[in-house]
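Asker: Requesting a structural model of the entry that follows:
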Amino acid sequence: MSAATRRALQRNVEWEFDDHLLPRGMSRNLVTRFLVDLAENGGWELARVRITPDGTHRVVVRRKIIRQVRPQFYYVA
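Answerer: Just a heads-up that it's a prediction; the model follows:
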């Protein structure tokens, strides 16, 4: 259904993008619940919505990639 990609749009900020194709028959309420679920549980935010000529919705969501810095442990004898 979707393939996540990674891109750097600004310096030191990396985003992960995920595409979703929503069929034409989905109600607005169902699409809203789907996007709210992505935002609350996965940390995604809406990046782009495109409506194709056949009525399907191509939704692109994104989230920041947070890199953890490894702590350095020093051995004290």
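Asker: all contacts plus neighbour counts: C-alpha atoms, from now on.
Answerer: OK.
Asker: quick one: pLDDT of F73?
Answerer: pLDDT, the model's per-residue confidence, is 77 for F73.
Asker: Tell me the spacing between it and S27.
Answerer: 54 Å (CA to CA, to the nearest Å).
Asker: got it, and Q68?
Answerer: Distance, Q68 to S27, by CA to CA: 40 Å.
Asker: Counting neighbours, go ahead and name the busier of these two.
Answerer: S27 (9 against 6; other CA atoms under 10 Å).
Asker: Let me see the ranges of the strands in this structure.
Answerer: For the chain, the strands defined by DSSP state E cover 4-10, 13-22, 45-51, 57-65.
Asker: Relative to S27, how far out is the most centrally placed residue in the chain?
Answerer: The chain has R62 as the residue nearest its centroid, 2.9 Å off, counting by CA atoms, centre = their mean. Going from R62 to S27 by CA to CA gives 23 Å.
Asker: again with I66
Answerer: 34 Å.
Asker: Could you do E14 as well?
Answerer: From E14 to S27 the distance is 33 Å (CA to CA).
Asker: lowest average confidence, helix or strand, in the chain?
Answerer: strand 4-10 (a mean of 57; mean pLDDT, DSSP states H and E).
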